[in-house]
Structure formats: C-alpha cells, structure tokens
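Novice: Return a 3D structure for these sequence lines:
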Amino acid sequence: MLESAPWLTLLPPVVAIVLAIITKKVLLSLGAGILAAALLIAEFNLLETAQLIWQSFAVLFWDDGALNTWYIYILLFIVLLGVIAAFIMMSGGTKAFADWAVARIKTRRGGQFLPAVLGIVIFIDDYFNALAVGQISRPVTDQHHTSRAKLAYIVDSTSAPVAVLAPFSSWGAYIIGILAPIVAASTLTVSSIEAFLGAAASNYYAIAAVMLVWLVILFRADLGAMRREERRAIVEGRPYADGEVVPGQLSDDLPVHEPGAKRAIIVPFVALVIGVLIGIMWTGYQATGSWDAVEILAATDPSSALIFGGLLGLICAIYYYVRYTSENPKFGWHTFGQGWIGGVKAMSPAIGILVFAWMLGGLIDSLGTGVFLGDLVESSSLPAAWLIPIVFVIAAAMAFATGTSWGSFGLLLPIAGGIVNSVDAPELLLPMLGAVLAGAVAGDHASPISDTTILSATGAGCNVITHVITQLPFVAVAGLSAVAGYSMLAATGVIWLGLVTTLVLVIATVLVSRVFLRPVEVESAEPAVG
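Specialist: Here you go, the predicted model:
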C-alpha cells in the first residue's frame, strides 16, 4: 500500500497535529496518530498493529537487550526537576527569589528579558535549557503578570535556535559529526568547525528567531493568540486559563515555609547547571580519553549528564528544605513525602505527552515519512541555487511532521550535501546545509509533537497546545522572512544579502505590527506591574 501511495506516510502526523489543535487534547491526539501509523505499517492487521504499538512503547525502556538509558534518564531528569522545584517552593526559596527579583526587575519587560538572557547563556543543551530557564524565570514573570504562553515562547525561541548556532553545544557536536564526511567529499578546504560556522551564518531562521524574541519584548509586539493570553495575565492576573492542563505546575496545597531565603533557589539551580556541565565533560572524556572540547561534546552522553546535575540539584534543594523547616512544626516526614509526590504529579502530564510523542516519532520513522519528504528534494529538477529555499521548506515540513529536528538533520543534510557535491557547486554547500538546519528548527518550533515544544511548555508551566498556537505567528514571521532571505541568496549568490533581507523583514513586521496593534498593556483596563 505504502509503495503505491507513499504520501500516506504523512497521514499519521497530520492526524495527530490537526486533532491536537482542534481538540486541545494532546494525549488523545498523539494516541490517534500512533494508532494510524501502526495500522498503516501493519497494513490494517489488528494483531500486528497491537504488537507494533507495544513495541514502540517498550523500546523506550528496553532496547537491544539493555536498558534504553537515553529516554529513561530524560524522564528521570524531568521527575527530578519537579521534585527539586517542590522542595525549593516548600522551603520558601521560590517566593523569596520572586520578591527579591520583583524589587529589582520593576517592569513586565524587564521580567521577560530575564528568560531571554538565560536562554542565551544556558546554551549547552536544549532540553536542559528548556526546562531550567522556565523554572527559574516563572516566579518573576508570574509576579509581573506575564502569561505562561509568553514565557514558553521566549524559552522555546532561545533554546534550540541558540544551541543550533553554538559549536560548543550538544547540537553543535552532533551537527559537526554529520557535516564532516559531507565537507570531506566536497572541494571546499575548510575544517568541520569552519563548515559548521559557515552553515550557522546561513541559518537565517535561528538567527531571526532569536532576534525576534528581543524585538517582541522591546516593542511589546504580541501577535495573534498571544494577545489573548497576555491580556488575561494583565487584566485578570491569571498567567493561564482556568481548567487548562498545565505541566510543571505545582499544587497550591503544598505548604510553604515563611520566611524563605534566595539561596534556597539559587544554590540548587547553580548546582544543577554545574552538575550538568561536569557530567557533559566527564562522559565525553570517558568516551574519548581526550580533553578536547569538540571531541568531548561529540561523544558526550547528555542524558547521563542531566541525571548527574539533577541529583546534585536535588541534594541541595533537600538540604535547604531541611535547614529552613526543621524547627517548624508544620513540616515533618509527611510534608517531606508531599514534596516528592507533588513534584512527580506536576511533571506527570509532561511525561505522558513525551512518551506518546516518542512512540509516534518511532513509528513515523519506521513508516518512512522523512524518507518520502527527502525524496522530494532529490527528485527536484530546479537549478541548484533555487534548491536552497526549497530545502528550507522541505526540512521544516519534515521536522513539523516527525517532531524531530535531529532526525531531519540526519536525513536531509547528507541528501542536500550530496546534491551540491554532485553538481560541483562548492559555493552553495554551506548555504544549503544552513537552510536544512534552519528549516528543521522552524518545523520543530511549530510542531505540537516535538519534544522541545513539550519541554519548553513544561518548563514554563504552560499548556502544550496553548504554547503551540501562541507561538505559531512568531514562527511564521521568522520562517517567511527566512524564505525571502533564501530566495534572495538563490538569486544573487550573496549569503550576507540573504541574511540582511531576512532580518530587515523581521524588523519591518514588528514595527508595522506596532502601528496597527497597540501594546496589550496600553489597551488593557489595568496597567502592567511597574
């Protein structure tokens, strides 16, 4: 069936994505996508369909006769982060930090700059970035009446876009590993890192997305559904709608010690960051026996590093919880257990969604959705230069449909590189590779089945579908500007001119939006804090 109608491979992700947007029930929608993919692979054999669904679940925990530590450790880290947040809140650290920050960060705009800065500083890994930046910033943005959707957008647009531009990150190491044989097969005389930097300079979407975050904060340019969320946060003081399933949100029933201390939140999160960095260096060194930064990042095990940092952060959080609550009769073993249960409960929606998204991703991979989209690139008869904007669009569609930018990198980078090398146009190689990286990040940003989308929403404490819907207008602005930029590059062959075109269009869109749309703070009945 699939051989005669390969377009059917697009059906499961389309089913999941459309249902998620219509029903706003992510687990149900992902489940429908999983069922559709399994039915197609099994050619509607019900017994084989059930076996495929079970296998797609089981392989996340046990693969090739051993524990699948990659997925297990990521899930454990999410749980650890929830428990850390619970103990920090119970010890009074969250409130103390929020009070301290609000006294110094006196405007909503300033509160939004906090996650924007942290998102760039914590660039080493997108998973860690997405979860940690949201957790640290949430008390401040809540106090300044910023919606969780806005926080999720800022977190999401400074995690993957920053990581994909940084050579010394888990993303950079992975991409450099893919680029090495492609560059070696070309006539370019550049190193792998030089090739990465050249491709990064052609990654118009990532550069535009990061710049757009700062412009949106600076000019208070809220587009589309984001205006509704921001209006509610300002006027009603609620950062998310009543009744929404909000992953990462701790229960109000947990007791909070008074007074708290800032160190109860700062020290655990600093320990968390240091622990992850040490874990990255150590696992990379263990694999290579070298202290070379590039070799370490290429061979490191980010999931193990997350566990190391999570445990270190948890030890610090529990220490401050015990230190500050030991004399308080309201706190004891019962509340200690409440902290564990509350942390796990807060993260359970995210864990369920993430497991279903991974299951769907595995089945989509078996189905060949990515291969079908990759074949569209190879079959094109356009001039090589005009394949650059086409490759961007195809990579975006692939990442959107499969929910993974890394999978799109692995499949499309060799295809795009092979096309350029075959027509002997070395000057187009790095722009073509940059367009693949840009498109994959853009599609990943727009996809409700992407793990980074889910984790950004979790870190910010935002409903996943609300995050997707409110982020889409900004993805469209950066994405369409990038298409125009790549078209300019294809027409002129000048990389910097394509980048300038992209950035000018992004700036122009923000400025035009200010002409026709008053800032939400100004039009709302109640002014923002500060």
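
Novice: hey, let's count contacts and neighbours off CA atoms from now on
Specialist: OK.

Novice: which other helices and strands contact whichever strand or helix holds Ile296?
Specialist: Using DSSP states H and E, Ile296 maps to helix 293-299. Packing contacts for helix 293-299, counted by 3 or more CA pairs under 8 Å, 6 or more residues apart in numbering; DSSP states H and E, involve helix 170-184, helix 263-288.

Novice: average pLDDT across the longest one?
Specialist: The predicted model assigns helix 263-288 a mean pLDDT of 89.

Novice: And Ala103, how far from Gly134?
Specialist: Taking CA to CA, to the nearest Å as the measure, Ala103 falls 20 Å from Gly134.

Novice: Please apply the same query to Ala476.
Specialist: From Ala476 to Gly134 the distance is 23 Å (CA to CA).

Novice: neighbour count winner among the two?
Specialist: Neighbour count, other CA atoms under 10 Å: between Ala476 and Gly134, Gly134 has more, with 29 against 13.

Novice: isn't that one right next to Ala460, touching?
Specialist: Yes. Look at Gly134 against Ala460 with CA atoms under 8 Å: they come within range, at 4.3 Å.

Novice: tell me, what's touching the two both at once?
Specialist: Leu151, Ala152, Val155 (CA atoms under 8 Å, 6 or more residues apart in numbering).

Novice: Next, format those residues as TSV and append secondary structure.
Specialist: Compiled in TSV, these are given as follows (DSSP: H, G, I helix; E, B strand; the rest coil):
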residue	secondary structure
Leu151	helix
Ala152	helix
Val155	helix
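
Novice: for the residues you listed, which one is nearest Asn328?
Specialist: Set against Asn328, the nearest of these by CA to CA is Leu151 (34.3 Å).

Novice: what's near enough to touch the closest one?
Specialist: The contact partners of Leu151, taken as CA under 8 Å, 6+ apart, are Gln112, Pro115, Gly134, Arg138, Thr141, Ala460.

Novice: mind redoing it with 7 Å?
Specialist: Going by CA atoms under 7 Å, 6 or more residues apart in numbering, Leu151 touches Ala460.

Novice: distance of it from Leu306?
Specialist: 22 Å.

Novice: Wait, a helix at Phe168?
Specialist: No. Assigned with three-state DSSP, Phe168 falls outside any helix and is coil.

Novice: Count the neighbours of it for me.
Specialist: 19.

Novice: nearest spatial neighbour of Val140, skipping sequence neighbours?
Specialist: Ala98 (5.2 Å; CA to CA, 6 or more residues apart in numbering).

Novice: quick one: contacts of the particular helix or strand that has the one you found in it?
Specialist: Taking DSSP H and E as the definition, Ala98 sits inside helix 93-104. For helix 93-104, contacts defined as CA under 7 Å, 6+ apart pick out Ile88, Pro139, Val140, Gln143, Gly260, Ala261, Lys262, Arg263, Ala264, Ile265.

Novice: one more time with 8 Å, if that's ok
Specialist: Helix 93-104 is contacted by residues 88-89, 139-140, 143-144, 259-265 when judged by CA under 8 Å, 6+ apart.

Novice: thought Tyr127 was touching Thr453?
Specialist: No. With contact defined as CA under 8 Å, Tyr127 does not reach Thr453; the gap is 9.9 Å.

Novice: Just want to know which of these two has more residues nearby.
Specialist: A count of neighbours by other CA under 10 Å puts Thr453 above the other of Tyr127 and Thr453, at 29 against 25.

Novice: That one against Ser447, yeah?
Specialist: Yes. Taking contacts as CA under 8 Å, Thr453 lies within contact range of Ser447: 7.1 Å.

Novice: any common contacting residues for those two?
Specialist: With CA under 8 Å, 6+ apart as the test, Thr453 and Ser447 both reach Val468.

Novice: Can you show me the strands along the stretch 51-200 of the chain?
Specialist: Using DSSP state E, counting those that start in this stretch, the strands assigned to the stretch 51-200 of the chain run over residues 62-63, 66-67.

Novice: Any stretches of the stretch 351-500 of the chain with poor pLDDT?
Specialist: The stretch 351-500 of the chain contains residues with pLDDT under 70 at 377-378, 380-381.

Novice: Please, where are all the strands along it?
Specialist: Taking DSSP E, counting those that start in this stretch as the criterion, the stretch 351-500 of the chain carries no strands.

Novice: And the nearest residue to Ala50 once chain neighbours are set aside, how far from Leu363?
Specialist: Closest residue to Ala50 apart from its sequence neighbours, by CA to CA, 6+ apart: Ala38 at 7.8 Å. According to CA to CA, Ala38 stands 7 Å off from Leu363.

Novice: and Ser179, how many neighbours?
Specialist: No, residue 179 isn't Ser; it's Leu. 24.

Novice: cool, Leu411 as well?
Specialist: 18.

Novice: wait, isn't it in contact with Asp375?
Specialist: No. Counting by CA under 8 Å, Leu411 does not reach Asp375; the two are 10.2 Å apart.

Novice: thinking again about what came up before, which parts of the helix holding Ala98 are buried?
Specialist: Gly93, Thr94, Lys95, Ala96, Phe97, Ala98, Asp99, Ala101, Val102 (16 or more other CA atoms under 10 Å).

Novice: Then stretch 281-296?
Specialist: Met281, Trp282, Thr283, Gly284, Tyr285, Thr288, Val294, Glu295, Ile296.

Novice: swap in stretch 496-506?
Specialist: Buried, per 16+ other CA under 10 Å, within stretch 496-506: Gly498, Leu499, Thr501, Thr502, Leu503, Leu505, Val506.

Novice: And stretch 359-373, by the same measure?
Specialist: 359-365, 367-373.

Novice: if we can go back for a sec, quick one: which of the contacts of helix 93-104 is most hemmed in?
Specialist: The most crowded member of the contacts of helix 93-104, judged by other CA under 10 Å, is Ile88 (32 neighbours).

Novice: right, and that one touches Tyr321 too?
Specialist: Yes. Using CA under 8 Å, Ile88 is in contact with Tyr321, at 6.9 Å.

Novice: which residues are common contacts for the two?
Specialist: With CA under 8 Å, 6+ apart as the test, Ile88 and Tyr321 both reach Ala264.

Novice: Where does pLDDT dip in the stretch 151-300 of the chain?
Specialist: For the stretch 151-300 of the chain, applying pLDDT under 70 flags no range at all.
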